[in-house]
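**Q** Return a 3D structure for these sequence lines:
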Amino acid sequence: MVSTAELLDAKAQALGRYGRHIATAMGGEICEWAGGVLCNTRHPFAYRNMVVPLRKLAPQECAELRQLAVDFFAGLNRWVIHSAYPQPLHVDGLFRRIETTPIMWRAADKHLTLSPVPAFSVKEVESNAEMATFERIREVAHGRTWTGTAGGYFDARVLGGGLRCWLGVRDGVAVSTGSVFESDGIALIKNIATLPDCQGQGIGGLMSAHVVNQSSGIAMLDSTLNAQHLYAKLGFEVMGTMEFWKRT
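**A** Below you'll find the model as predicted:
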C-alpha cells in the first residue's frame, strides 16, 4: 500500500519533471535548488513559469526561495509556486496563497468506458496549428487570456518527452482538450477543458476517460471543486491539496 506521503512526493517529483520538460522545450531556463526547481518558460502567464518545491521547506528557506526566484525571473512577478505540500509559505509575508485545488489519484488500471456523445471523437495533437487550437480552447474554457503577447501560446515543441495532448471534436469542430505527462510511473492528467457552450453534455468525462486510458501507471490530477465529483466517478480519490503561491 502506497502512503499519502509517498504519493505527494511522487506528485511533486513528477511536477518538477514536467516543469523542466516545458521550459526546455520552449527554450527557457531551469534553476535547480536544494529544495526544488524553478522553471522559466518565458511565458506571459505566470502559472506557466513554475516554481516547484520537491519537499517541505523549512521556514528559513522561504526567504531564500523568494530571493532566488526574484533573481532568476529577473524581477518579473510572472511565476507561481506549485506546492503539493501544505505549508505556511506566507510566513513573514513573503508569499500569498492565490488558489488551492484537490489533488486526486487513481490506482486502478481498469479501462474506463463511458456512454458516447453523438458525433464526438478525439484526435491527438501533432502540429503547431493543432496546438494553437488546443491553447485557444483552454484559454476560453478557463477565462484566462494570454494572447496578444509574443510567445503567448505553447507550440508543438512541447509534444513528446512524455507529454501527449488531444483535442475533442464534435461535428468537425474542436471543443475540448486533455493531456498527460508520463514520467517514472506517474501520469499527470492535465488540461481537461471544454468550451462553455459544450459543458454539461458528458464531453469532459469522455476526454478524461480517454486520457486516462491512453496513460499507464498511477494517474494524478489537480481537480477543481466543481469537477471533483466527475473524477470521483472515474475512480479518483482525494489524496491532498495543491497550493499555488505568488510573491507578495
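**Q** Restricting to C-alpha, output stretch 119-128 in CSV.
**A** The C-alpha coordinates for stretch 119-128 follow below in CSV (Å, rounded to 0.1, in the frame of the first residue of the first chain):
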residue,chain,number,x,y,z
ALA,A,119,-20.7,13.0,-33.3
PHE,A,120,-17.8,13.3,-30.8
SER,A,121,-14.3,11.9,-31.4
VAL,A,122,-10.8,12.5,-30.1
LYS,A,123,-7.7,13.5,-32.1
GLU,A,124,-4.1,13.6,-30.9
VAL,A,125,-2.4,17.0,-31.3
GLU,A,126,0.5,16.7,-33.8
SER,A,127,1.1,20.2,-35.3
ASN,A,128,1.6,23.8,-34.4
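**Q** Which pLDDT does the model give the residue nearest to Phe120 when sequence neighbours are not counted?
**A** Computed as Cβ to Cβ, 6 or more residues apart in numbering, the closest residue to Phe120 that is not its neighbour in sequence is Arg170, at 4.7 Å. Where C-beta positions appear, they are placed from N, C-alpha and C, glycine not excepted. We have a pLDDT of 96 for Arg170.
**Q** same thing with the one 10 residues further on?
**A** What the model reports for Val180 is a pLDDT of 97.
**Q** quick one: stretch 205-223 to chain centroid distance?
**A** Here stretch 205-223 is found 12 Å from its chain centre; the criterion is Cα atoms, centre = their mean, to the nearest Å.
**Q** Show me what counts as buried in that stretch.
**A** 205-212, 214-215, 217-223 (16 or more other Cβ atoms under 10 Å).
**Q** What's the end-to-end length of it?
**A** The straight-line separation of the ends of stretch 205-223 (Cα to Cα, to the nearest Å) is 13 Å.
**Q** Ok, stretch 223-238 next?
**A** For stretch 223-238, the separation between the terminal residues is 9 Å (Cα to Cα).
**Q** Relative to Gly204, how far out is Pro86?
**A** Distance from Pro86 to Gly204, counting by Cβ to Cβ, to the nearest Å: 27 Å.
**Q** Please read the previous query as pertaining to Arg247.
**A** From Arg247 over to Gly204 the distance is 33 Å, taken as Cβ to Cβ.
**Q** between those two, who's got more neighbours?
**A** Between Arg247 and Gly204, Gly204 has the larger neighbour count (other Cβ atoms under 10 Å), namely 21 against 17.
**Q** Which residue, neighbours along the chain excluded, lies closest to the more buried one?
**A** Nearest one to Gly204, counting by Cβ to Cβ, 6+ apart, is Thr194 at 4.9 Å.
**Q** Report the beta-bridge partners for that neighbour.
**A** Applying DSSP bridges to Thr194 gives these bridge partners: Ser176.
**Q** Tell me who's in contact with it.
**A** By Cβ atoms under 8 Å, 6 or more residues apart in numbering, the contact set of Thr194 is 137, 141, 168, 175-177, 203-204, 207.
**Q** Where do the helices of this structure begin and end?
**A** Taking DSSP state H to define them, one finds helices in the chain at 4-25, 59-72, 128-142, 203-214, 228-233.
**Q** Now do the third one: everything it contacts.
**A** Around helix 128-142, the neighbours that count as contacts under Cβ under 8 Å, 6+ apart are 123, 125, 145-147, 153-156, 158-159, 165, 167, 174-177, 191, 193-196.
**Q** Repeat that for the first one.
**A** The set of residues external to helix 4-25 that reach it, using Cβ under 8 Å, 6+ apart, is 28-30, 36-37, 39-41, 48, 50, 52-55, 82-85, 103, 105, 154, 157-158, 161-163, 181, 183-186, 188, 218, 220, 239-240.
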